[in-house]
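Q: predicted model follows, preceded by the sequence.
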Amino acid sequence: MGRTTPTYRDRLTALEDEWGPFRRALRRADQSRFDRLFVYARDRADAAGHLNHADPLAPVWMAVALEQERRIAELEARVDALADA
């Protein structure tokens, strides 16, 4: 039988499990923020799967950076709209 390469989503689930003790040590308010970071990574898992990076955390960090950049741009647009009003 041939070998099966785990999908990026499988690797992401394994990473989330690996970081479980860290999550549990966080304050309750920060646990939901931590969970949100993995949501960002899952939302971009299709793109990360195409990358097939040797380090599965690299696409996670990029997904988080992209989401934060998107949110910053959205907030800047809202501030500009309020300033123009």
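A: Sure, I can see it.
Q: how many residues are close by A14?
A: Neighbourhood size, A14 [other Cβ atoms under 10 Å]: 12. In this view, the C-beta of every residue, glycine as well, is placed from N, C-alpha and C.
Q: who touches it in this structure?
A: 6, 56 (Cβ atoms under 8 Å, 6 or more residues apart in numbering).
Q: separation between it and D30?
A: A14 sits at a distance of 22 Å from D30 (criterion: Cβ to Cβ, to the nearest Å).
Q: pull the helix or strand with minimum mean pLDDT from this protein.
A: Within the chain, no helix or strand scores below helix 45-51, which has a mean of 91 by mean pLDDT, DSSP states H and E.
Q: how distant is it from the center of its chain?
A: 12 Å (Cα atoms, centre = their mean, to the nearest Å).
Q: after it, which helix or strand is next?
A: helix 57-84 (DSSP states H and E).
Q: show me where pLDDT drops low in this protein?
A: Counting by pLDDT under 70, the ranges of the chain that qualify are 1-3.
Q: alpha carbons of the strand or helix carrying R33, as PDB, please.
A: For R33, the element it lies in under DSSP H and E is helix 28-43. The C-alpha atoms that make up helix 28-43 are tabulated as PDB, following Å, rounded to 0.1, in the frame of the first residue of the first chain:
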ATOM      1  CA  ARG A  28     -10.500  32.600  29.800                       C
ATOM      2  CA  ALA A  29     -10.900  35.800  27.800                       C
ATOM      3  CA  ASP A  30      -7.700  35.000  25.800                       C
ATOM      4  CA  GLN A  31      -8.800  31.400  25.100                       C
ATOM      5  CA  SER A  32     -11.500  32.700  22.700                       C
ATOM      6  CA  ARG A  33      -9.000  34.900  21.000                       C
ATOM      7  CA  PHE A  34      -6.600  31.900  20.600                       C
ATOM      8  CA  ASP A  35      -9.500  29.900  19.100                       C
ATOM      9  CA  ARG A  36     -10.200  32.700  16.700                       C
ATOM     10  CA  LEU A  37      -6.600  32.500  15.300                       C
ATOM     11  CA  PHE A  38      -7.200  28.900  14.400                       C
ATOM     12  CA  VAL A  39     -10.400  29.900  12.700                       C
ATOM     13  CA  TYR A  40      -8.500  32.300  10.500                       C
ATOM     14  CA  ALA A  41      -6.100  29.400   9.700                       C
ATOM     15  CA  ARG A  42      -8.900  27.100   8.800                       C
ATOM     16  CA  ASP A  43     -10.600  29.700   6.700                       C
END
